[in-house]
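K.L.:
sequence first, predicted coordinates after that:
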Amino acid sequence: MKLLKISLSIIVVILGLYVLISGNYSLLPLNLLSLSLLLFVSGVEELTKKRRGVAYTYFLVSGFNIVVSFNILGG
């Protein structure tokens, strides 16, 4: 689980830096999807630690990121 979180974190940071430096905002939805996967994995990890409040917050923010990313792709 920790390796997955580290890998997703690296992907999010690299994509974010690339979008900022290059100005190529077409990759922004991919960055948001990667971030939502990271938040979902963090939510599952918190749920296994019996920290429901934090886990539900991660799930809520992850779902919101998915909706926003598909809205950007569609619009």
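P.N.:
Now that the structure is in, tell me what you want to look at. Numbers count the residues shown, from 1 in each chain.
K.L.:
show me the contacts for the nearest residue to residue 28 once chain neighbours are set aside.
P.N.:
Taking Cβ to Cβ, 6 or more residues apart in numbering, and ignoring the residues beside it in sequence, residue 28 has residue 19 as its nearest neighbour in space, at 5.8 Å. Every residue, glycine included, has its C-beta placed from N, CA and C. The neighbours of residue 19, taking Cβ atoms under 8 Å, 6 or more residues apart in numbering as the test, are 25, 27, 28, 31.
K.L.:
which among those end up buried?
P.N.:
Judged by neighbour count, with 16 or more other Cβ atoms under 10 Å as the criterion, the buried members of the contacts of residue 19 are 28, 31.
K.L.:
closest to residue 68 out of the contacts of residue 19?
P.N.:
Within the contacts of residue 19, the smallest distance to residue 68 is 9.7 Å, found for residue 28 (Cβ to Cβ).
K.L.:
can you point me to the longest helix in this protein?
P.N.:
Counting residues, the longest helix in the chain under DSSP state H turns out to be helix 52-74.
K.L.:
list the buried residues in that one.
P.N.:
Applying a neighbour-count criterion of 16+ other Cβ under 10 Å, one finds 55, 58, 59, 61, 62, 65, 66, 69 buried in helix 52-74.
K.L.:
who's in contact with that helix?
P.N.:
Helix 52-74 is contacted from outside by 28-30, 32-33, 35-37, 39-40, 42-44, 46-47, using Cβ under 8 Å, 6+ apart.
K.L.:
put the buried members of those into a ChimeraX selection.
P.N.:
This is how ChimeraX selects the buried members of the contacts of helix 52-74, with burial counted by 16+ other Cβ under 10 Å:
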select :28,29,32,33,35,36,37,39,40,42,43,46
